[in-house]
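# Predicted structure and sequence below. I'll ask about it afterward.
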Amino acid sequence: METAEVVVVGAGLAGLVATYELTQAGRRVVVVEQENRNNLGAQAFWSLGGLFLVDTPEQRRMGIKDSYELAWADWLGSAGFDREREDVWPRQWAEAYLRFAATEKREYLHGLGLRFTPVVGWAERGAGEASGHGNSVPRFHLTWGTGPEVVRIFLEPVLEAEKLGLVRFEFRHRVDDLIVDEGAVVGVRGAMLEPTDLDRGKASSRAAVGDFELRSQAVIVTSGGIGGNHELVRKNWPVDRFGPPPETMISGVPAHVDGRMLEIAENAGGNIVNRDRMWHYTEGIVNWDPIWPDHAIRIIPGPSSMWLDATGTRLPPPNFPGFDTNASMKAILAGGADYSWFVLNQTIIEKEFALSGSEQNPDVTGKDLKLTLATRLARGAPGPVEAFKQHGVDFVVADNLRELVDGMNKIARGVEVDYDQVEREVTARDNQVGNKFGKDLQLMAVANARQYRGDRLTRVVKPHRLLDPAHGPLIAVRLNILTRKTLGGLETNLDSQVMRADGSAFPGLYAAGEVAGFGGGGMHGYNALEGTFLGGCIFSGRAAGRALARELR
C-alpha cells in the first residue's frame with residue numbers, strides 16, 4: 001500500500017495551487033488525476049484568464065475609482081445570502097476573498113510572474129439598482145497570456161518539485177472512494193484507467209485496467225463542478241428562480257467535469273450545501289471547430305446588440321448584453337423556449353464581440369503584442385469572431401431585415417420569429433438614435449459605458465441605427481444555454497477543511513475550487529461578478545495548501 005503526506009484529487013488550477021503551496025513548505029504530495037498529463041490545468045487552461053481585482057494600478061490608470069467597501073457592497077448585493085445555515089461559511093469566504101482581491105492578490109500573482117493587459121473590462125454591469133447585482137465599476141483584469149498563463153505560474157514550480165521528488169502525478173487514476181478510518185479521511189482508492197495519449201480536453205475512455213489505493217495524512221478534493229454532466233445540472237436546476245431547465249444545453253466545459261467527487265465526498269460524510277446555485281451563460285454558440293463533445297463558446301458581448309426572445313420580442317430591461325446573467329436566463333426561459341437572439345450589424349460585431357476561451361484569443365494567449373494591436377485596433381472583426389460568423393451554425397448574415405428573419409427561422413427550434421414584431425422592435429430602437437435624449441434604457445446604458453475610456457476605445461461602438469446600410473450587413477445570432485460553473489458544493493471552513501452535516505470539521509478532508517463552490521460551499525451566493533472563478537480556485541487552493549503545510553505532523 002502506497003502512502004503520501006497529502007493526496008490531491010484533481011490536477012486543475014485549484015489542485016495545482018494547493019500542491020504549489022505544499023511543496024513550497026517541503027511537503028510531499030501525490031496528485032491523482034483521471035485524465036492524462038496533457039490535461040494539467042484542466043478547465044483553467046481554456047479560460048480567458050480574467051481575474052477580479054479591486055483598486056489596482058490598472059484601474060487607477062484607466063480613471064476607475066474602486067475600493068474594498070464598494071466591492072463588498074457589490075458582492076453582497078449580487079450574492080443575496082439568505083440561508084441561515086448554508087450561508088454561514090460562504091459569507092465568511094466571500095469577505096475573506098474580497099479582502100484578498102483588494103490587498104495581496106495582485107502582489108501574490110505578480111510575484112509569480114503574472115501580468116495584465118492595460119484595459120480593465122466591465123463584466124456583469126448589473127440589474128440597474130445601486131444596491132442590487134452587478135459591478136459598479138470595471139474590475140475584470142485580463143491576463144496577458146490568458147488561461148494558459150494563469151496555469152503556467154503554478155504548474156512550472158510544481159513540475160520542478162516533481163523533479164525533486166516532492167510531487168508524484170498518478171494520471172489515469174479515477175478516485176471511486178475516500179478511505180475513512182476512525183472518523184478521519186486517510187486516503188483514496190479507485191480504478192486505474194487504460195492509458196491514452198489523447199489531446200487536452202478530448203473525451204477519454206473509462207475502461208478500467210486495475211485498482212489502486214493510496215494512504216495519506218490528508219486528502220484535498222479539487223475535482224471541479226458538474227457542468228459537463230447535463231443530467232446532474234437538470235437535477236439541481238433552480239426552477240423557482242430560472243424557470244424550467246432548457247431542453248437543449250451545450251457544454252462550456254469538457255466531459256470530465258462530471259461532479260463524481262461531490263457524491264463520493266458526500267457518501268464519505270462531507271456536507272454539500274447550496275446545490276441549486278449555479279452559473280450558466282445565455283450567450284452560448286456551438287463551436288464550429290469543437291474540442292470536446294457539445295463544445296460551446298460564450299460570446300462576451302458589448303452592450304449594443306438588441307436582445308430578442310425566440311419570437312422576436314425584445315427582452316425587457318435590465319436584460320441587456322453583459323448586464324445580469326441570471327435575470328436574462330429567467331426572462332428567456334419564461335417565454336417557453338430555451339434560446340434567444342442577438343440582432344446586430346457588422347459595426348457592432350467588429351468591436352463588441354469577444355469570445356470566451358484561450359484558444360479563441362490567440363493574440364493575447366500567445367502574448368504577441370504586435371498581433372494584439374493589429375487584431376484589436378484594425379478594421380474588421382477579429383479572426384476567430386469572423387470564423388464563427390462564416391462557419392457557425394448559429395449565425396445568420398443578410399443585407400436586409402426580411403432576409404435576416406427568414407434566415408433566423410431556418411435555424412429556429414420550433415418557434416417562428418415574427419417579422420412584423422422584429423421590424424417594430426428594431427424601428428422603435430432606431431428612432432431613439434440621433435438625439436442626446438431618449439427613453440430607451442439600453443441606449444442610455446451604452447452612453448454610460450462610453451463614459452469609460454476603456455469601453456469607448458476598445459469595446460463599445462458609437463450609437464447608430466441598426467438598419468443603416470453603412471453599418472451592414474445585418475447579423476443575427478442564435479444564443480443557446482451554455483453550462484459552466486457550480487456555485488454550491490462541499491461546505492468548507494476558512495482553511496478549506498470540509499465540514500460534516502452537524503457543523504463539525506471532517507478530519508483529513510479538504511476541498512478547493514469549484515467542488516467547494518470556490519470556497520465555503522458557495523461564496524458567490526446566487527450571482528457571480530465574473531473574474532472570480534479562477535480567483536476562487538487560487539484563493540481556496542492556497543488556503544488548503546497553507547493550512548496543511550502548517551498542520552501536518
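Sure, I can see it.
# In this structure T375 contacts V385, no?
No: applying CB atoms under 8 Å as the test, T375 and V385 come out as separate, 9.8 Å apart. Quick note: C-beta positions are derived from backbone N, CA and C, even for glycine.
# And stretch 217-229, end to end?
Here the two ends of stretch 217-229 are set 31 Å apart, with distance taken as CA to CA, to the nearest Å.
# I'd like the mean pLDDT over that stretch, please.
Across stretch 217-229, pLDDT averages out at 97.
# Stretch 173-191 too?
Across stretch 173-191, the per-residue pLDDT values average to 98.
# So which bits of it are buried?
Taking 16 or more other CB atoms under 10 Å as the basis for neighbour counts, the residues of stretch 173-191 that come out buried are 173-175, 178-180, 185-191.
# and what of stretch 447-459?
For stretch 447-459, using 16+ other CB under 10 Å, the buried residues are A449, R450, Y452, G454, D455, T458, R459.
# now do stretch 58-73
For stretch 58-73, a neighbour-count test (16+ other CB under 10 Å) marks E58, Q59, M62, I64, D66, L70, A71, W72 as buried.
# picking that back up, inside helices: which ones of the buried residues of stretch 447-459?
Using DSSP state H, A449, G454, D455, T458 are the members of those that sit in helices.
# so what's P293 up against?
A203, S251, A255 (CB atoms under 8 Å, 6 or more residues apart in numbering).
# at 7 Å what do you get?
If a contact means CB atoms under 7 Å, 6 or more residues apart in numbering, then P293 has A203, A255 as its contacts.
# where are the low-confidence patches of this structure?
Judged against pLDDT under 70, the low-scoring parts of the chain cover residues 1-2.
# Now F533: closest residue in space, sequence neighbours ignored.
Among residues not flanking F533 along the chain, K485 sits closest, at 5.9 Å (CB to CB, 6 or more residues apart in numbering).
# what's the one you found sitting at in phi/psi?
Here the main-chain torsion angles of K485 (degrees, to the nearest 10) amount to phi -120, psi 150.
# if we can go back for a sec, quick check: the two most widely separated of the buried residues of stretch 58-73?
When CB to CB is used, the two most widely separated members of those are M62 and W72, lying 21.2 Å apart.
# would you list every one of the helices in the stretch 151-300 of the chain?
Assignment of helices within the stretch 151-300 of the chain using DSSP state H, counting those that start in this stretch yields the ranges 230-236, 239-242, 260-268.
# Show me what the last one is packed against.
Spelled out, it's helix 260-268. Using 3 or more CB pairs under 7 Å, 6 or more residues apart in numbering; DSSP states H and E as the contact criterion, the secondary-structure elements in contact with helix 260-268 are strand 173-181, strand 489-490.
# the inter-axis angle of the first one versus helix 260-268?
For strand 173-181 against helix 260-268, the angle between stretch directions is 20 degrees (axes from the mean of the first three to the mean of the last three CA atoms, to 10 degrees).
# Off-centre distance for strand 173-181?
The chain centroid and the centroid of strand 173-181 are separated by 28 Å under CA atoms, centre = their mean, to the nearest Å.
# Now do that strand: everything it contacts.
9, 32-34, 185-193, 212, 219, 261, 264-265, 268-269, 509.
# Adjacent strands (with direction) for it?
In the sheet containing strand 173-181, its partner strands are strand 184-193 (antiparallel), by DSSP bridges.
# got the buried residues for stretch 501-516?
When neighbours are counted by 16+ other CB under 10 Å, the buried residues of stretch 501-516 are found to be F506, P507, G508, L509, Y510, A511, A512, G513, E514, V515, A516.
# Please flag which of those sit within strands.
Counting by DSSP state E, the members of the buried residues of stretch 501-516 that fall within strands are F506, P507, G508, L509, Y510, A511.
# A184 versus the last one, what's the distance?
Taking CB to CB, to the nearest Å as the measure, A511 and A184 are separated by 15 Å.
# can you give me the strands in the stretch 1-150 of the chain?
Along the stretch 1-150 of the chain, the stretches classed as strands by DSSP state E, counting those that start in this stretch are 2-9, 29-33, 50-52, 140-142.
# could you dump those strands to TSV with mean neighbour count?
Compiled in TSV, the strands of the stretch 1-150 of the chain are given as follows (neighbours: other CB atoms under 10 Å):
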stretch	mean neighbour count
strand 2-9	23
strand 29-33	25
strand 50-52	26
strand 140-142	23
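# Let me have these in a markdown table, adding distance to G224 as columns.
A markdown table is the format used below for those (distance: least, CB to CB, whole Å):
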| stretch | distance to G224 |
| --- | --- |
| strand 2-9 | 10 |
| strand 29-33 | 11 |
| strand 50-52 | 18 |
| strand 140-142 | 22 |
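# Pull the number of nearby residues for I349.
Neighbours of I349 under the rule other CB atoms under 10 Å: 28.
# Would you double-check that it falls in a helix?
Yes: going by DSSP: H, G, I helix; E, B strand; the rest coil, the assignment for I349 places it inside a helix.
# Grab the nearest non-local neighbour of it.
With CB to CB, 6+ apart as the criterion, I349 has its nearest non-adjacent residue at 5.3 Å, and that residue is A381.
# how about that neighbour, what does it touch?
Contact criterion CB under 7 Å, 6+ apart gives I349, E350, F353, K389 as the residues in contact with A381.
# which of those residues lies closest to D197?
Using CB to CB, K389 comes nearest to D197 of the contacts of A381, at 34.2 Å.
# secondary structure element for the closest one?
K389 belongs to helix 383-391 when assigned by DSSP states H and E.
# and the following helix or strand past that helix, which strands flank it?
Using DSSP H and E, the helix or strand that directly follows helix 383-391 along the chain is strand 395-398. The sheet places strand 395-398 alongside strand 474-486 (antiparallel), with pairing taken from DSSP bridges.
# and V9, what is it in contact with?
So V9 contacts V32, V175, V188, V219, I220, V221, T222, S223, M261 (CB under 7 Å, 6+ apart).
# Likewise for M62?
V119, V120, R453, G454.
# Mind putting the residues you listed into a markdown table with distance to Q497?
Rendered in a markdown table, the data for these read as follows (distance: CB to CB, whole Å):
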| residue | distance to Q497 |
| --- | --- |
| V119 | 39 |
| V120 | 34 |
| R453 | 44 |
| G454 | 40 |
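# Taking those residues, tell me the two that lie furthest apart.
Every pair of the contacts of M62 checked by CB to CB; the farthest is V120 and R453, at 10.2 Å.
# quick one: which of the ones in strands among the buried residues of stretch 501-516 is nearest P238?
The shortest gap between P238 and any of those belongs to A511, at 22.1 Å (CB to CB).
# I'd guessed the closest one sits against T492; true?
Yes: with contact taken as CB atoms under 7 Å, A511 and T492 are classed as touching, separated by 5.4 Å.
# list residues touching both of these two?
Where contact means CB under 7 Å, 6+ apart, the residues bridging A511 and T492 through contact with each are V498.
# quick one on the thing from earlier: please identify which pair of the contacts of V9 lies farthest apart.
Every pair in these was compared (CB to CB); the two farthest apart turn out to be V188 and T222, at 12.6 Å.
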